[in-house]
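S.K.: Sequence and predicted structure below; questions after.
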Amino acid sequence: MGYRLREDELRQLFEMWNRDYVVYGPKCMTGEGMYSDTDVVRYERLKGFEELEWEKKSAYSFKEAVLPITQILFYFTEGEVKEAEPERRKPALLIMRSCDIHALKRLDTVYLDNRFEDSYYARLRKGLRLVLLGCSESCDNGFCVSMGTNRTEEYDAAMNIKTVDGQVQAELTGSMDGLDAWLDGLGAGMTEAAPDFVSENHVKVRIPEECGPEHVKAGLWKDYDSRCIGCGRCNFVCPTCTCFTMQDIFYQDNGRAGERRRVHASCMVDGYTDVAGGGCYRNSKGERMRFKVLHKISDFKKQFGYQMCVGCGRCDDICPEYISFSACVNRLADMGNAEKEVR
C-alpha cells in the first residue's frame, strides 16, 4: 500500500523533508547549459517541490552530493595541520532513479569496502536517505536493462510523479522513519502503489563474456585516436567514475600556509597518467578509451563481481564528438562472436 498525493501535499512533503535533511535532486539550471542561453538539468539542493525536475534525465549525476567536485581535506600552516569541517552538518536526502541508486553502490564499494574506508566520503554518506524516482519510460541513450540496473529495492521511499488531467499527482510508498505518521496526519489518500521500472530500452548492449588480450590489442581502439578530443566530459557526468587528483593551494599572504584539496579527475584528459621523469602510460586517446571501457565492463567485475557501468547513458548524451560507449561495448561483443565462429 501507499499514498496518493496532490501537488499541494507534495509541496508540504518537501517542506517536511527540508526540516530534517539537505534535499538533493535533479533541477533545471536556467542558462547554465553547454551553449549560450541553454538550460541543463543537474543535481542541486532543492528548497521545494517546484524545483524538482521529474520528467527529464539529469545531464549530470548525483555524485557531487557525496563526492564534491572540489573538496578541502585539511588546512596547514608552518607547524599545524587541521582537518576541514564537513561540507554539510545535516544528513542528506537524494531523489534519484534506479540506475543512480545502483551507481551509489559502486561508489560505496570503491570508497568504503575497498580495504580502507575513505573518511571524507563516509561522513557525507552517513545518514543518507534515498528516495527512488520511478521511471515510466526509457530515456533515449540509457541501457539500464542490459546492465541489470533498471530495478532496485534499495530505497527508503519511492514515488511516481505524473500529470493527470493537467494536475500533478504522485504515488508514494516506503518505510522512511516518520513518513507514514506524517502522511496519515496530512490525510493523504491510500492507494495501491509500486515504483515504476523500465522493462525495455531503445538501446541494447551485449557485454562480452570475458575480455582477454585480444580485446586489449584490438584495432578498434585506434579509431578513437582521431575522434576523441580528450575533454573528459564522459568521466565527469558518469555516476561511477571515482578518480581524483590532489592540489596543494598556498595562500598569497603566507606562502607557508594553505590547504589540500582533492578534485575530480579524468582518465581521458592529457596529463592524467603522467609520472615523474616525463613518462606517460597512455598517450593516445584510443589507449585511454580502451582503459575506460574495459574497466567499466571487465576489470571492476573481476575484482568485485559486477560491472561498474550502470547504463545511464550520460556519457553518450554529453560527448561533443558523438562517441557512443554502448556502441563500443557492442563492437567488443561482436568481435568475440566473430572469433568463436572462426574457431
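M.R.: That came through, no problem.

S.K.: So which bits of the longest strand anywhere in the chain are buried?
M.R.: If you go by DSSP state E, the chain has its longest strand at strand 254-264. Residues of strand 254-264 classed as buried by neighbour count (16 or more other CB atoms under 10 Å): 258-262, 264. Using the backbone N, CA and C atoms, a C-beta is placed for each residue, glycine as well.

S.K.: Tell me where the protein has strands.
M.R.: Counting by DSSP E, the strands of the chain are 2-6, 22-29, 40-45, 70-76, 81-83, 92-96, 129-133, 157-164, 167-174, 189-191, 244-251, 254-264, 274-275, 279-280.

S.K.: Within its sheet, name the partner strands of the second one and how each one runs.
M.R.: In the sheet, strand 22-29 lines up against strand 40-45 (antiparallel), strand 92-96 (parallel) (DSSP bridges).

S.K.: Tell me which residue is most central in the protein.
M.R.: Pro239 (2.1 Å; CA atoms, centre = their mean).

S.K.: Glu171 is in contact with Ser136, isn't it?
M.R.: No: using CB atoms under 8 Å, Glu171 makes no contact with Ser136, being 11.1 Å away.

S.K.: Which residue of the two possesses the greater neighbour count?
M.R.: Glu171 (20 against 11; other CB atoms under 10 Å).

S.K.: so how far is Tyr24 from that one?
M.R.: 21 Å (CB to CB, to the nearest Å).

S.K.: again, but for Val41
M.R.: In this view, Val41 and Tyr24 are 13 Å apart by CB to CB.

S.K.: These two - which one has more neighbours?
M.R.: Tyr24 (21 against 18).

S.K.: What's opposite that one in the beta bridge?
M.R.: On the basis of DSSP bridges, Tyr24 is bridged to Arg45, Leu94.

S.K.: from memory it sits against Arg45, does it?
M.R.: Yes: when contacts are counted by CB under 8 Å, Tyr24 is listed as touching Arg45 (5.9 Å).

S.K.: any common contacting residues for Glu171 and Ser136?
M.R.: Asn160 (CB atoms under 8 Å, 6 or more residues apart in numbering).

S.K.: how about the helices in the stretch 101-250 of the chain?
M.R.: 119-125, 144-147, 179-186, 213-216, 223-227, 233-237 (DSSP state H, counting those that start in this stretch).

S.K.: For Ala92, find the nearest of those helices.
M.R.: helix 119-125 (7.3 Å; CB to CB).

S.K.: which residues touch the closest one?
M.R.: 65-68, 71, 73, 86-88, 92, 107-108, 111-112, 262.

S.K.: Tell me the buried residues in it?
M.R.: By neighbour count on 16+ other CB under 10 Å, the buried set for helix 119-125 is 120-121, 124-125.

S.K.: Skip the chain neighbours and tell me the closest residue to Gln12.
M.R.: In space, and not counting its chain neighbours, Gln12 is closest to Leu186: 6.6 Å by CB to CB, 6 or more residues apart in numbering.

S.K.: Just give me the neighbour total for the one you found.
M.R.: Neighbourhood size, Leu186 [other CB under 10 Å]: 14.

S.K.: what do you get for Gly178?
M.R.: Around Gly178 there are 9 other residues, counting by other CB under 10 Å.

S.K.: residues contacting it?
M.R.: No residues are in contact with Gly178 under the rule CB under 8 Å, 6+ apart.

S.K.: Distance check, it against Gln307.
M.R.: The spacing between Gly178 and Gln307, counted by CB to CB, is 36 Å.

S.K.: Put together CSV for the buried residues of strand 254-264, with distance to Ser199 and pLDDT on each row.
M.R.: Output for the buried residues of strand 254-264, formatted as CSV (distance: CB to CB, whole Å; pLDDT from 0 to 100):
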residue, distance to Ser199, pLDDT
Gly258, 53, 95
Glu259, 48, 96
Arg260, 47, 96
Arg261, 43, 96
Arg262, 39, 95
His264, 34, 95
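
S.K.: Do I have it right that Val168 meets Arg11?
M.R.: No: contact criterion CB under 8 Å: Val168 and Arg11 do not qualify, at 9.9 Å.

S.K.: Of these two, give the one with the bigger neighbour count.
M.R.: Val168 (17 against 14).

S.K.: Look up how far Phe49 lies from the residue nearest to that one when sequence neighbours are not counted.
M.R.: Counting by CB to CB, 6+ apart, Val168 lies nearest to Glu7, which is 4.2 Å off, once chain neighbours are set aside. Computed as CB to CB, the Glu7 to Phe49 distance reads 7 Å.

S.K.: Tell me the buried residues in stretch 269-278?
M.R.: Within stretch 269-278, the residues that count as buried by 16+ other CB under 10 Å are 269, 272.

S.K.: With stretch 219-231 instead?
M.R.: For stretch 219-231, the buried set under the neighbour-count rule, 16+ other CB under 10 Å, comprises 221, 223-224, 228.

S.K.: Using CSV, write out every CA atom in stretch 113-130.
M.R.: The C-alpha coordinates for stretch 113-130 follow below in CSV (Å, rounded to 0.1, in the frame of the first residue of the first chain):
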residue,chain,number,x,y,z
ASP,A,113,34.6,-1.5,1.1
ASN,A,114,37.9,-1.4,-0.8
ARG,A,115,40.2,-2.5,2.0
PHE,A,116,40.3,1.0,3.6
GLU,A,117,37.4,3.4,4.4
ASP,A,118,37.6,6.9,3.0
SER,A,119,36.6,9.1,5.9
TYR,A,120,35.8,12.1,3.8
TYR,A,121,33.3,10.2,1.7
ALA,A,122,32.0,8.3,4.7
ARG,A,123,31.0,11.4,6.6
LEU,A,124,28.9,12.6,3.6
ARG,A,125,27.4,9.2,3.0
LYS,A,126,26.4,8.7,6.7
GLY,A,127,22.7,9.1,7.3
LEU,A,128,21.9,9.4,3.6
ARG,A,129,18.3,8.7,2.7
LEU,A,130,17.3,7.6,-0.8
